[in-house]
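> the following block contains a protein sequence and its predicted model.
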Amino acid sequence: MSLRLDLLRHGETERGGGFRGSLDDALTASGWAQMRAAVAGRSGWQALVSSPLQRCARFAEELAEQHGLALELEPDLQELHFGEWEGRSAAELMDTAERELGLFWHNPYAFTPPGAEPLVEFEARVLAALARLQQRHAGRHVLLVTHGGVINLLVARARQLPPEQLMQVAAPHGGLFSLQVDADLQLREC
C-alpha cells in the first residue's frame with residue numbers, strides 16, 4: 001500500500017541562507033508566513049512528522065495543534081551536516097573555497113566538504129527514515145516538515161535524476177511537494 005507524502009520545507013531563518021545544516025536557527029516572521037501560506041486551505045493529513053530542528057518543529061507543533069494531530073519528530077530527517085561549511089554562505093565560500101564549492105555543486109556525491117556528512121550516508125539515513133514512515137503510515141496521507149536537502153534528495157529520486165543533478169531540484173523556503181511512496185520505496189511525484 002502506498003503512502004501519500006507531502007514535503008514542506010521550513011521557511012526563512014533568523015541567520016539567513018547558506019549552509020545551515022545542523023545549526024538550530026529559529027524562523028523569522030517571514031519564515032512563519034511562508035510556511036503558513038504554503039499550507040493555507042490544505043487539510044486531510046492523517047499524520048504529521050517533522051525534523052526536530054526548531055525551524056521545522058516549531059511550525060509543525062502549531063500545525064499539529066490546529067489539525068488535532070500527534071506530532072512525530074524524526075531525527076533522521078534532519079538536514080545534511082555541512083562540517084566546516086556550517087553557518088557559511090556560498091558567497092563567503094566563493095572567496096575561500098571556490099574550487100571545492102564548485103565540486104560540491106557539480107556532484108555532492110563525489111565531493112564532501114571538510115568534516116561534513118558524506119552524501120551517501122545522508123541518503124542512507126533519510127531513506128531508512130522514509131522506510132519507517134512507509135511502514136507506519138502505509139495507506140495514509142502524511143505531512144513531513146523538513147529541510148531543503150531532504151526534499152532535494154527525495155524529489156530527485158522521484159524524478160530519477162542522476163546524482164550530479166541533485167542540486168538542480170529547487171526547494172524554496174516554504175516550498176510544498178507531494179510524493180507517492182510505494183511499499184518498495186519507489187517514489188513518484190503527485
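Arrived safely. Numbering: from 1, shown residues only.
> and the longest helix along the chain, how far out from the chain's middle?
If you go by DSSP state H, the chain has its longest helix at helix 119-137. Distance, stretch centre to chain centre, for helix 119-137: 12 Å (CA atoms, centre = their mean, to the nearest Å).
> quick one: name whatever helix or strand follows that helix.
Next in sequence after helix 119-137, counting helices and strands by DSSP states H and E, comes strand 141-146.
> between that next one and helix 119-137, how many degrees?
Angle of strand 141-146 versus helix 119-137, following axes from the mean of the first three to the mean of the last three CA atoms, to 10 degrees, is 150 degrees.
> per-residue confidence averaged over strand 141-146?
Computed over strand 141-146, the mean pLDDT rounds to 98.
> likewise for stretch 53-60?
98.
> pull the CA atoms of that stretch into PDB?
In PDB, the C-alpha atoms belonging to stretch 53-60 read as follows (Å, rounded to 0.1, in the frame of the first residue of the first chain):
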ATOM      1  CA  LEU A  53      15.300  21.200  14.500                       C
ATOM      2  CA  GLN A  54      13.300  24.300  15.600                       C
ATOM      3  CA  ARG A  55      13.000  25.800  12.100                       C
ATOM      4  CA  CYS A  56      10.800  22.800  11.300                       C
ATOM      5  CA  ALA A  57       9.400  21.600  14.600                       C
ATOM      6  CA  ARG A  58       8.000  24.800  16.000                       C
ATOM      7  CA  PHE A  59       5.800  25.300  12.900                       C
ATOM      8  CA  ALA A  60       4.900  21.600  12.900                       C
END
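> helices of the protein, start to end?
Listed in chain order, the helices of the chain (DSSP H) span 29-39, 54-67, 90-96, 98-106, 119-137, 148-158.
> in this structure, which residue is most central in space?
Taking CA atoms, centre = their mean, the centroid of the chain lies closest to H147, which sits 2.6 Å from it.
> distance-wise, check that one relative to P108.
14 Å (CB to CB, to the nearest Å). All C-beta spots, glycine's among them, are computed from the backbone N, C-alpha and C.
> which stretch among the helices of the chain is buried most, on average?
helix 148-158 (a mean of 22; mean count of other CB atoms under 10 Å).
> picking that back up, number of residues surrounding the nearest residue to the residue nearest to the centre of the chain once chain neighbours are set aside?
Using CB to CB, 6 or more residues apart in numbering and skipping residues adjacent in sequence, the residue nearest H147 is E79, 3.7 Å away. Residues near E79, counting by other CB atoms under 10 Å, number 23.
> confidence score at E79?
E79 is given a pLDDT of 97.
> surely it and L153 touch.
No. Using CB atoms under 8 Å, E79 is not in contact with L153; the gap is 10.5 Å.
> list the contacts of stretch 149-158.
7, 9, 51, 77-80, 122-123, 126, 130, 144, 165-169, 171, 175, 177, 179, 187-189 (CB atoms under 8 Å, 6 or more residues apart in numbering).
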